[in-house]
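1. Sharing a model prediction with you, sequence too.
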Amino acid sequence: MACTTLDLIILDVTFIEGRPPETRLALLKDINTRVAAEAKISPDDLMITIYEAPGVNFSLGQGEAQRANAVARSGVPHVERPTPIRTHKAHSLSEQLEIDIG
């Protein structure tokens, strides 16, 4: 489906790589459902892009790449606890949602 109104929200989600495709697909569905409900928009008016990058590309403060040496444990990649995701609608909406990207 295409954007149906002027309520389009474009949401970029960035996190450390390592989640399997099924987790990312479930995340897209969950984000769409929750953001559309909170923003009171059609689910067709939310465009989501997931960006994944190696831990070495992230500084969580002090200019250090704290996750540079993260290693998978028992075949399961390390998962950072997410920070709240902020969504912004250009003319008025600024909602904050907690999204579990486990």
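-> In hand now; what should we look at? Numbering: from 1, shown residues only.

2. okay, CA-based contacts and neighbour counts for the rest of this
-> Noted.

3. now residue 37: how far from residue 54?
-> 32 Å (Cα to Cα, to the nearest Å).

4. Please disregard the earlier target; I meant residue 35.
-> 27 Å.

5. Name the residue in the two with the higher neighbour count.
-> A count of neighbours by other Cα atoms under 10 Å puts residue 35 above the other of residue 35 and residue 54, at 23 against 14.

6. which residue ranges form the helices in this protein?
-> 21-39 (DSSP state H).

7. Any regions of it where pLDDT drops low?
-> 1-4, 70-102 (pLDDT under 70).

8. rerun that using 80 as the cut-off
-> Counting by pLDDT under 80, the chain shows low-confidence ranges at 1-5, 69-102.

9. Could you give the number of residues near residue 65?
-> Neighbour number of residue 65 under other Cα under 10 Å is 14.

10. so it makes contact with residue 54?
-> No. Contact between residue 65 and residue 54 fails when scored by Cα atoms under 8 Å: they sit 10.1 Å apart.

11. pretty sure residue 56 is touching residue 63, no?
-> No. Applying Cα under 8 Å as the test, residue 56 and residue 63 come out as separate, 11.2 Å apart.

12. higher neighbour count, these two?
-> Neighbour comparison, residue 56 and residue 63: the larger count goes to residue 56, with 14 against 8 (by other Cα under 10 Å).

13. residues near the residue lying closest to that one once chain neighbours are set aside, how many?
-> Closest residue to residue 56 apart from its sequence neighbours, by Cα to Cα, 6 or more residues apart in numbering: residue 68 at 3.8 Å. Using other Cα under 10 Å, the number of residues around residue 68 comes to 14.
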